[in-house]
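Student: Generate coordinates for the sequence data below:
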Amino acid sequence: MTLTKKIIVFMVVGALLGLALNLTGLNNHELVDQYVVNGLFYVIGQLFILSLKMMVVPLVFVSLFCGTTALRDPAMLGSIGGRTLAFYLMTTAIALGIAISFALLIGVGLGAEIPTDINYVPKESKSFVAVILSIIDNPVKAMAEGNLLAVIMFSILLGLSATMAGKAGEQVIDFFKSFNEVIMKLVMLIMHFAPYAVFAILAKVFAELGVDAIKTLSGYFFTVLGLLIFHALVVYPLLLKLFSGLSPLTFLKKMESAVTFAFGTSSSNATIPVTLRTVTERLGVNKSVASFTIPFGATINMDGTAIMQGVATVFIANAYGVDLTTTQLMMVVLMATMASIGSAGVPSAGLVMLQGVLLQVGLPIEGIGIILGIDRLLDMTRTAVNITGDAAVTCIVAKSQGQFDQAIFDDPQAGVIKE
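Tutor: Purely as a prediction, here's the structure:
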C-alpha cells in the first residue's frame, strides 16, 4: 500500500471513531476526554505536527539557498519571483471575488440566530506595514521565531552572494547541497509516521466537533466548504491548463499525499516539506524553482483563507443586519488580500487576520465567535486548498521558465512512497 492510500484509510477511520465517541457521548466521559481525546490523540497529533514544523526553517533556508545558487543568473530569480507573486495575487483575487459574489447571491447569514453567550477574545494581528518591515530581520531571530519572509530574504541574499564569491562560495554551496540531501532524508523518515498522526488528529477533531455544531451554522459551513472545493477542483485546474497546458487530472492525482497532509495538520508551513517533495519528485518541477515558490506560497498565498474571510464577512454582516456598500465590499477585497498575505501558515491564523477585515468595514469582531466553533474543520480544508494553489502556481511558473521535467509529470509512479 502506498503511503497516500494508507493516510486516507487512517484518516477515514479516525473521523469515524471521533464521530462514534461524540454521538455516544463517550467523549464527555472524564477518563476518555482526559486520557484519550485530549491525551493520547492530542499528543500523537501534536508530536507529528511539531516534527514537521521542526523541519520547516532549516528546509526552507537550505533548499532556497541551493535553489538560488543553482539559477546562477539573478535576472532569472527576479523573473521567477515576479511571475510567482503575480499568480499568487491573481488566484487570491479570484478566490475573493467568487466568495463574496456567491455569499451575496445566496444571502448567507440572513435570519441567522446570533448566540448571546459569545465569548471571543481578539488576538493581536500584524498590520500590512509590519508584515513588509518583517522581511528584513536578524536571521537567527527570524529562524527562532519562524518568520519565513525574513528567512526567505536572507537565504536568497546569501545564495546570490555565494554565486559571486568565487572559490569560497563554491565550498559553501557544496556544503549546503549535502546538507539539503540530509534534511530531505529526515523529512522522508518523519513522513512514515503520518498515517497514525492523521488518525489521531481527525479522531480528536470529530470527537469534539460532532455534527451539532455543523447543523447550527450549516449555511455558512457548506457555503465555505463548497467554494473551497470549487476553487481547488475547478479554478486551479483551469488556470493550470490555460497557462501551462498540463493535465489537471494528473496534477490532482499526484497532489493526494500533500493534500491529505495539509488537511491533517491545518498548517501550510508544516506541510512545506511534503509539498516541496511532491512538486519536485512527483510533478517534475526543478528544485531551483520549487525551493522559492513553495515557501513563498506558504507565506503569502492563502486563497482558502481569503474565501473564508469573504464569506465570513458577508455572513456576519447579514447576521447583524448590516448592509455592505459597494465601497465597503471593495475594501473587503483589498483588506482580505492583504490579510491573506500577512496570515501565518499555522492553524486558524485566518481568524486572527479576519479581525482587521471586519474592523475596516465597521462590523463587530465578536461575530467571529459565532463561527469559531466549526472553524477547525474548515481550517483543515482551506489549508489543503492553499497548498494545492502553491503547487499549481509552481508548475505554471516552472513550465514558463523551462524548469520542468515532463517525463516525471507523466510517470504515475514517479516519487511514490511505498509503506
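
Student: And the contacts of stretch 14-21?
Tutor: 26-27, 32, 36-37, 198-211 (C-beta atoms under 8 Å, 6 or more residues apart in numbering). Any C-beta I mention is one placed from the backbone N, CA and C, and that applies to glycine too.

Student: Whichever of those end up buried, select them in PyMOL.
Tutor: Entered in PyMOL, the line below selects the buried ones among the contacts of stretch 14-21, by 16 or more other C-beta atoms under 10 Å:
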select buried, resi 27+32+36+37+198+199+200+201+202+203+204+205+206+207+208+209+210
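
Student: Okay, and which of the contacts of stretch 14-21 map to strands?
Tutor: With strands taken from DSSP state E, there is no overlap with these.

Student: Centre of the chain to stretch 196-204, how far?
Tutor: How far stretch 196-204 lies from its chain's middle: 19 Å, per C-alpha atoms, centre = their mean, to the nearest Å.

Student: same question for it, mean pLDDT?
Tutor: Averaged across stretch 196-204, pLDDT comes to 85.

Student: got it, and stretch 252-263?
Tutor: The model assigns stretch 252-263 a mean pLDDT of 89.

Student: Contacts for that stretch, please.
Tutor: Stretch 252-263 is contacted by residues 3-4, 7-8, 11, 191, 194, 198, 233, 237, 268, 271, 274-275, 278, 282-283, 380-381, 383-384, 386-388, 391, 409, 412, 415, 417 when judged by C-beta under 8 Å, 6+ apart.

Student: Please identify the buried residues of stretch 237-257?
Tutor: 237, 239-240, 243-244, 246, 248, 250-252, 254-257.

Student: For Gln360, state which of the residues you listed is nearest.
Tutor: Within these, the smallest distance to Gln360 is 28.5 Å, found for Leu239 (C-beta to C-beta).

Student: quick one: the closest one and Leu246, what's the gap?
Tutor: Computed as C-beta to C-beta, to the nearest Å, the Leu239 to Leu246 distance reads 10 Å.

Student: Kindly report the same for Asn27.
Tutor: In terms of C-beta to C-beta, Asn27 sits 44 Å off from Leu246.

Student: same question, Leu377
Tutor: Going from Leu377 to Leu246 by C-beta to C-beta gives 31 Å.

Student: go on, Glu170?
Tutor: Distance from Glu170 to Leu246, by C-beta to C-beta: 35 Å.

Student: In which helix or strand does the nearest residue to Leu233 once chain neighbours are set aside reside?
Tutor: In this structure, Leu233 finds its nearest non-sequential neighbour in Leu252, 7.2 Å apart by C-beta to C-beta, 6 or more residues apart in numbering. Using DSSP states H and E, Leu252 sits within helix 248-254.

Student: Over to Ala392?
Tutor: Using DSSP H and E, the element containing Ala392 is helix 375-400.

Student: For the strand or helix carrying Ala103, enumerate the helices and strands it packs against.
Tutor: Secondary-structure assignment from DSSP H and E places Ala103 in helix 74-106. If you count contacts as 3 or more C-beta pairs under 8 Å, 6 or more residues apart in numbering; DSSP states H and E, helix 74-106 packs onto helix 42-71, helix 148-163, helix 218-230, helix 236-244, helix 287-300, helix 303-319, helix 326-342, helix 375-400.

Student: Let me know which of these is tucked in deepest.
Tutor: helix 303-319 (a mean of 29; mean count of other C-beta atoms under 10 Å).

Student: Packing partners of it?
Tutor: helix 74-106, helix 218-230, helix 326-342, helix 349-360, helix 368-372, helix 375-400.

Student: Quick check on the residue of the chain most remote from its centre: phi, psi?
Tutor: The centre of the chain is farthest from one residue, Lys167, which by C-alpha atoms, centre = their mean lies 39.0 Å away. Backbone torsions of Lys167, given as degrees, to the nearest 10, read phi -60, psi -40.

Student: picking that back up, okay, the helices and strands packed on helix 303-319 in TSV with distance to Met153 and mean pLDDT next?
Tutor: Shown next, in TSV, are the helices and strands packed on helix 303-319 (distance: least, C-beta to C-beta, whole Å; pLDDT from 0 to 100):
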stretch	distance to Met153	mean pLDDT
helix 74-106	11	88
helix 218-230	30	91
helix 326-342	15	73
helix 349-360	20	71
helix 368-372	32	75
helix 375-400	18	90
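
Student: Now tabulate these in CSV and tack on distance to Phe296.
Tutor: Below are the helices and strands packed on helix 303-319 laid out as CSV (distance: least, C-beta to C-beta, whole Å):
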stretch, distance to Phe296
helix 74-106, 6
helix 218-230, 22
helix 326-342, 11
helix 349-360, 17
helix 368-372, 28
helix 375-400, 8
